[in-house]
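Q: Let's see this in three dimensions:
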Amino acid sequence: MRQGAGNLKSLIVFGVFRVAALDSVAFTLPANQDLPSLIALGAGIGKTALQAGLGVACGLVCMGWALSSREFREPGELGNNLLGGVSVGLIIVAVWWVSGHLGYVAEDPETL
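A: Sure thing, here's the model as predicted:
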């Protein structure tokens, strides 16, 4: 194939080859494709508990990574850095709440 040489015909042939060969290998998973659903299916644990657990675990890993930095924990800077991080986090959660609860408008499905 001559796709690297700028030949449009070879690019079309490659695209058709890709659709014919690779897309026929696709399969469907027995659950939703988000991580808590896949783990819940294999482990037999409730999806809601896994969502909360994975959220807390990811948050703790990110906090540990941020706090492990020596520059973050410098004397006199730790309080400022923690205040900035907590403030930004609370603002993001507040905006999510505003957009999800205060900004919610019940729409008629026929007008969408």
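
Q: who's in contact with residue 52?
A: Listed by CB atoms under 8 Å, 6 or more residues apart in numbering, residue 52 has no contact partners. All C-beta spots, glycine's among them, are computed from the backbone N, C-alpha and C.

Q: Please give the element, helix or strand, for it.
A: Element membership for residue 52 (DSSP states H and E) is helix 47-67.

Q: go on, residue 85?
A: helix 78-97.

Q: quick check: angle from that helix to helix 47-67?
A: Calculated by axes from the mean of the first three to the mean of the last three CA atoms, to 10 degrees, helix 78-97 forms an angle of 150 degrees with helix 47-67.

Q: related to what we said a few turns ago, could you export the helix holding residue 52 as PDB, CA atoms only?
A: Below are the C-alpha coordinates for helix 47-67, written out as PDB (Å, rounded to 0.1, in the frame of the first residue of the first chain):
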ATOM      1  CA  LYS A  47     -22.400  -0.800  41.600                       C
ATOM      2  CA  THR A  48     -23.300   2.100  43.900                       C
ATOM      3  CA  ALA A  49     -20.900   1.100  46.600                       C
ATOM      4  CA  LEU A  50     -18.100   0.700  43.900                       C
ATOM      5  CA  GLN A  51     -18.900   4.200  42.500                       C
ATOM      6  CA  ALA A  52     -18.400   5.700  46.000                       C
ATOM      7  CA  GLY A  53     -15.400   3.600  46.800                       C
ATOM      8  CA  LEU A  54     -13.600   4.300  43.500                       C
ATOM      9  CA  GLY A  55     -14.400   8.000  43.800                       C
ATOM     10  CA  VAL A  56     -12.900   8.200  47.300                       C
ATOM     11  CA  ALA A  57      -9.900   6.100  46.300                       C
ATOM     12  CA  CYS A  58      -9.100   8.300  43.300                       C
ATOM     13  CA  GLY A  59      -9.500  11.400  45.500                       C
ATOM     14  CA  LEU A  60      -7.100  10.000  48.100                       C
ATOM     15  CA  VAL A  61      -4.600   9.000  45.500                       C
ATOM     16  CA  CYS A  62      -4.600  12.500  44.000                       C
ATOM     17  CA  MET A  63      -4.400  14.000  47.500                       C
ATOM     18  CA  GLY A  64      -1.500  11.800  48.400                       C
ATOM     19  CA  TRP A  65       0.300  12.600  45.100                       C
ATOM     20  CA  ALA A  66      -0.100  16.400  45.800                       C
ATOM     21  CA  LEU A  67       1.000  16.200  49.400                       C
END
